[in-house]
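In: Sequence and predicted structure are below.
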Amino acid sequence: MSQVVAVTGANGFVGRALSRLLLSQGHRVVGLVRSGHDVAEGIQEKVFVGDDFGRIEAAWPQRLRCGGVVHLAARVHVVGDASQQSLSVYRSTNVSGTLRVAKAARRAGAQRFVFVSSIKAVAEKGRGQPIKESDLPEPGDAYGISKLEAERALLEYGRESGLEVVIVRPPLVYGPGVKANFLSLMRAIANRVPLPLGAVGARRSLLFVDNLADALMHCLSHPLAPGQTFHVADGVDLTVAELARALADELQVPARLWSVPVPWLRLAGSLTGRSDQVDRLVGELRLDSSHIREVLGWSAPCTVREGLHKTAAWYRSAH
């Protein structure tokens, strides 16, 4: 059954993929955006909500009613500020701003609110086994803390208002249009830069953007989704070395990997002030995504290899 779905961050990496999928299924998509960047083709209505969604109440047209909301927009990084003041900045967008969206959506008739959180709300690094939804949350930075606080605030608001809240915690998301570290890795591999990753055996969960969009569709419509928290991943966890070799294969270049012992990499990170970056590269972080399979019957429509193939094809065409 088609419905009107409001998507915050509809002009972003995940927002575009989700919007395309929603439109292909006959839904009408309203993009809630903070600036006038292009959105996915087919979105006919955009609502400009301002920074931290401070203008959302005034900007939301009275005539606009929606059945569901997917909240993707978030503050993900404050450059060069790891202080407590940085936490307050994250809270302004990721906690207070999220609640503003939920309340405005509820006034507009929304029945369900799907919040895209992050596995960082639970942990920054692995614990020796895949992380479950029931594991004790121990966020490692201001971003993760703000995401966990937003989850709890939303669930409380849902209990008070009757809004159906669903929480989704993805790991690193990749796909056509990806930026940041994943794009840097592809660029280095494509340019045949030797990388000291051959001995990195830790496994990390990844999530192809179209798989995330499909999971969010299930969370919007499935009757058993409300009140649930789901970890979502592709289902096959690669080591960083395996990922680099698979990307090299898809980019049609040789994989130039040096087998540098992991302790040496950690030492180099410590000496250069980049311990956090090295830890994210060499440490394991795996998600247990069995809960969404068992409750919603969801399975990833694309394999890891298909996802990497599509991502590499985009990179070759764009770069």
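Out: Sure, I can see it.
In: What residues of stretch 124-135 count as buried?
Out: 124, 126, 130-131, 133 (16 or more other Cβ atoms under 10 Å). Any C-beta I mention is one placed from the backbone N, CA and C, and that applies to glycine too.
In: Check stretch 64-73 too.
Out: So stretch 64-73, judged by 16+ other Cβ under 10 Å, has buried residues 66-73.
In: gap between the two ends of that stretch?
Out: 20 Å (Cα to Cα, to the nearest Å).
In: again with stretch 223-232
Out: Stretch 223-232 end-to-end distance (Cα to Cα) = 18 Å.
In: i'd like the first residue to be 836 from this point on
Out: All right, first residue 836 from here; so that's stretch 1058-1067.
In: I'd like the mean pLDDT over it, please.
Out: On average, the pLDDT along stretch 1058-1067 is 98.
In: contacts for that stretch?
Out: 947, 949, 954, 966-968, 986, 990, 993, 999-1005, 1042, 1046-1047, 1050, 1053-1054, 1122-1124, 1126-1127, 1130-1131, 1133 (Cβ atoms under 8 Å, 6 or more residues apart in numbering).
In: quick revisit: mind checking which of the buried residues of stretch 899-908 land in helices?
Out: Judged by DSSP state H, the buried residues of stretch 899-908 include no members of helices.
In: Widest-spaced pair of those?
Out: Gly902 and Ala908 (19.3 Å; Cβ to Cβ).
In: need the strands for the stretch 886-1035 of the chain, in chain order.
Out: Under the criterion DSSP state E, counting those that start in this stretch, strands of the stretch 886-1035 of the chain are mapped to 903-906, 947-951, 999-1004, 1007-1009.
In: Mind putting the ones you listed into a markdown table with distance to Ile980 and mean pLDDT?
Out: What follows is the strands of the stretch 886-1035 of the chain, written out as a markdown table (distance: least, Cβ to Cβ, whole Å; pLDDT from 0 to 100):
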| stretch | distance to Ile980 | mean pLDDT |
| --- | --- | --- |
| strand 903-906 | 18 | 97 |
| strand 947-951 | 16 | 98 |
| strand 999-1004 | 14 | 98 |
| strand 1007-1009 | 19 | 97 |
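In: Between the two ends of stretch 1078-1093, what distance do you get?
Out: 14 Å.
In: Please enumerate residues in contact with it?
Out: So stretch 1078-1093 is contacted by 1020-1021, 1024-1025, 1027-1033, 1039, 1041, 1073, 1076, 1139-1140, 1143-1144, 1146-1148, 1150-1151 (Cβ under 8 Å, 6+ apart).
In: rerun that using 7 Å as the cut-off
Out: 1020-1021, 1024-1025, 1027-1033, 1073, 1076, 1140, 1143-1144, 1147, 1150-1151 (Cβ atoms under 7 Å, 6 or more residues apart in numbering).
In: Can you report how many residues neighbour the residue lying closest to Tyr1009 once chain neighbours are set aside?
Out: Leaving out its chain neighbours, the residue that sits closest to Tyr1009 by Cβ to Cβ, 6 or more residues apart in numbering is Phe1017, at 4.8 Å. Close neighbours of Phe1017, defined as other Cβ atoms under 10 Å, add up to 18.
In: ok, now how distant is Phe1017 from Gln897?
Out: 41 Å (Cβ to Cβ, to the nearest Å).
In: now do Gly932
Out: Gly932 is 22 Å from Gln897, by Cβ to Cβ.
In: The two: who's more crowded?
Out: Gly932 (26 against 7).
In: Test my guess that the more buried one contacts Phe888.
Out: Yes - in this structure, Gly932 is within contact of Phe888 by Cβ atoms under 7 Å, at 4.2 Å.
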